[in-house]
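Enquirer: using only what follows, build the 3D model:
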Amino acid sequence: MKRITLLSLVCALLMAGALQGNAQNSKNKEIVLVNGEAKVDKFHTINDLKSKNKGELITIYKQRFKVITYLLPYTALSNKPGATLNVLGIPENTENKSLIEKEAKATEQLNDAFSVSLDNFIAYADSDNIIWSILLYEDLIRKLLLGKDY
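Expert: All right, here's what the predicted structure looks like:
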């Protein structure tokens, strides 16, 4: 019985220490305004896209849509993926942190919902229309990432 109590106490202390460490890490962690995933590794040409099957095109289409949802809301502040409030000179207070966390959660929910819808509906689109849409999205993303230097 003492052994179980001692083991329970040790586990509780380890968990408390881990929680405290996570709390300290989250206090020291900078608040990111523009999601770091808002990047495109490759911009496509029409010939690149024409060589892909519809499933690959839909995957690219969805990825580009997601990048736009990360970049578009804050283009007036920053067009750099991973931009933090601190770097932008915005106070990293509790209210701003809460707003960013709520927005990030809502954006993820939006992207998840659209992902399911897009899987169901974009398959009915002509491949040429998907290609045109990807090129449009990539042009928009290029402009968002380059900002006023475009």
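Enquirer: after the worst-scoring helix or strand of the chain on mean pLDDT comes which helix or strand?
Expert: Of the helices and strands making up the chain, the lowest-confidence element is helix 2-28, at a mean of 40, by mean pLDDT, DSSP states H and E. Towards the C-terminus, the helix or strand next in line after helix 2-28, according to DSSP states H and E, is helix 46-50.
Enquirer: buried residues in that next one?
Expert: Judged by neighbour count (16 or more other CB atoms under 10 Å), helix 46-50 contains these buried residues: L49. Heads up, the C-betas are built off the backbone N, CA and C, glycines and all.
Enquirer: which helices and strands does the very next helix or strand once past that helix pack with?
Expert: Sequence-wise, the next helix or strand downstream of helix 46-50 (DSSP H and E) is helix 54-71. In terms of contacts (3 or more CB pairs under 8 Å, 6 or more residues apart in numbering; DSSP states H and E), helix 54-71 is packed against helix 94-121, helix 127-146.
Enquirer: shaky segments in this protein?
Expert: Along the chain, the parts satisfying pLDDT under 70 run over 1-28, 148-150.
Enquirer: got the domain boundaries for it?
Expert: Residue ranges for the domains of the chain, per automatic domain parsing: 1-30, 31-149.
Enquirer: so which of these is the most surrounded?
Expert: Each of the domains of the chain was scored by mean neighbour count; the highest is domain 31-149, a mean of 14, by mean count of other CB atoms under 10 Å.
Enquirer: that domain: how far from the chain's middle?
Expert: The chain centroid and the centroid of domain 31-149 are separated by 7 Å under CA atoms, centre = their mean, to the nearest Å.
Enquirer: quick one on the thing from earlier: so which of the helices and strands packed on helix 54-71 is nearest K50?
Expert: Between K50 and the helices and strands packed on helix 54-71, the tightest spacing by CB to CB is seen for helix 127-146, at 6.6 Å.
Enquirer: report the angle between the axes of the closest one and helix 54-71?
Expert: 30 degrees (axes from the mean of the first three to the mean of the last three CA atoms, to 10 degrees).
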